[in-house]
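Q: sequence? don't have it. structure:
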């Protein structure tokens with residue numbers, strides 16, 4: 001009997017510690033200056049919402065704000081898929097009614113990323129959309145988070161929240177130049193982009209919801225390194241335009257200077273500023 005009481009006490013202590021630890025980690029995430037913490041804390045009001053995967057980081061906030069006078073919020077994240085982006089963006093629309101425009105790099109319709117989606121358990125407490133999306137797509141992760149509160153924070157997204165706890169993330173962008181040796185091999189490399197009907201429908205939901213609120217939406221393809229081949233990009237563009245009924249502005253060939261890139265798929269800060277100059281010229285921010 002004493003052994004049973006001892007084991008019962010251990011179980012109670014384990015779950016109590018897990019619960020208290022989860023509360024502490026949640027507080028840290030919620031107080032962080034990282035983008036999603038600010039969004040759900042009511043500290044992300046903006047005129048322009050920027051959305052994409054890692055390529056969306058080329059929508060470089062400091063320069064956009066400098067040349068337009070508009071306040072921006074960038075929701076992009078490495079590998080962010082359109083289903084997670086749609087849940088996050090619809091939450092944003094609910095909380096920030098003064099938004100004027102959304103700019104989306106459509107390559108977030110490339111492929112699903114449930115491994116990344118699980119990381120948004122960190123913020124699922126604040127979002128029924130994220131909570132239901134994770135429960136429906138990756139129930140094992142969702143149930144794990146119900147059993148253990150600490151499990152919700154065992155991911156790189158929470159680590160980002162720690163890194164940006166007391167520093168701005170608006171400068172999160174490559175600040176290197178691709179090496180001449182690698183640049184010379186661009187024609188030997190390619191990327192096989194997927195065309196996900198499911199993710200395109202998710203993007204469709206977001207675009208329709210924004211337009212219903214009178215918010216302007218620009219869909220675009222950002223620059224790739226000259227000579228680097230992205231397979232199926234035309235198919236993705238065509239499918240999005242047919243499904244959503246909104247043209248996709250195509251800037252894949254906009255930058256020809258190798259010094260504007262950090263790698264084949266991502267402009268660096270100088271390239272991003274040159275890209276944004278094209279967007280301003282074309283009235284994207286108007």
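A: Looks like it arrived, so ask away. This one's a predicted model, so the numbers in the text were calculated from it and none came from an experiment. Numbering: from 1, shown residues only.

Q: before we move on, what SS does residue 195 have?
A: coil (DSSP: H, G, I helix; E, B strand; the rest coil).

Q: Check the contact between it and residue 232; I expect there is one.
A: Yes - between residue 195 and residue 232 there is a contact at 5.6 Å, judged by Cβ atoms under 8 Å. (Glycine included, C-beta is placed from N, CA and C.)

Q: More neighbours: which of those two?
A: residue 195 (18 against 14; other Cβ atoms under 10 Å).

Q: Give me the pLDDT for the more buried one.
A: Predicted confidence (pLDDT) at residue 195: the value is 91.

Q: list the contacts for it?
A: Residues counted as contacts of residue 195 (Cβ atoms under 8 Å, 6 or more residues apart in numbering) are 109, 232, 235-236, 239.

Q: Over to residue 249?
A: Residue 249 is in contact with 218-221, 282, 284, counting by Cβ under 8 Å, 6+ apart.

Q: Quickly find the element holding it.
A: strand 248-250 (DSSP states H and E).

Q: follow-up on the earlier one: in a markdown table: the contacts of residue 195, plus secondary structure.
A: Below are these laid out as a markdown table (three-state DSSP):
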| residue | secondary structure |
| --- | --- |
| 109 | helix |
| 232 | coil |
| 235 | helix |
| 236 | helix |
| 239 | helix |
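
Q: pLDDT and distance to residue 174 added to those, as TSV?
A: Putting the contacts of residue 195 into TSV (pLDDT from 0 to 100; distance: Cβ to Cβ, whole Å) gives the following:
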residue	pLDDT	distance to residue 174
109	97	22
232	96	24
235	97	27
236	97	23
239	97	29
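
Q: Only the buried subset of those, as a ChimeraX command please.
A: To isolate the buried members of the contacts of residue 195 in ChimeraX, using 16 or more other Cβ atoms under 10 Å:
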select :109,236,239
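
Q: Among the contacts of residue 195, which one lies nearest to residue 139?
A: Ranked by distance to residue 139 (Cβ to Cβ), these are led by residue 109 at 23.9 Å.

Q: Model confidence for the closest residue in space to the closest one that isn't next to it in sequence, exactly?
A: Of all residues not flanking residue 109 in the chain, residue 199 sits nearest, at 4.2 Å (Cβ to Cβ, 6 or more residues apart in numbering). Listed pLDDT for residue 199 reads 98.

Q: now residue 199: how far from residue 212?
A: Remark: distance between residue 199 and residue 212 (Cβ to Cβ, to the nearest Å) = 20 Å.

Q: who has more neighbours, those two?
A: Counted by other Cβ under 10 Å, residue 199 and residue 212 do not tie: residue 199 has more neighbours, with 25 against 9.

Q: which residues touch whatever helix or strand that one lives in?
A: Secondary structure from DSSP H and E places residue 199 in helix 197-212. Helix 197-212 is contacted from outside by 81-83, 85-86, 89-90, 93, 102, 104, 106, 108-112, 216-217, 219, 239-240, 243-244, 246, using Cβ under 8 Å, 6+ apart.
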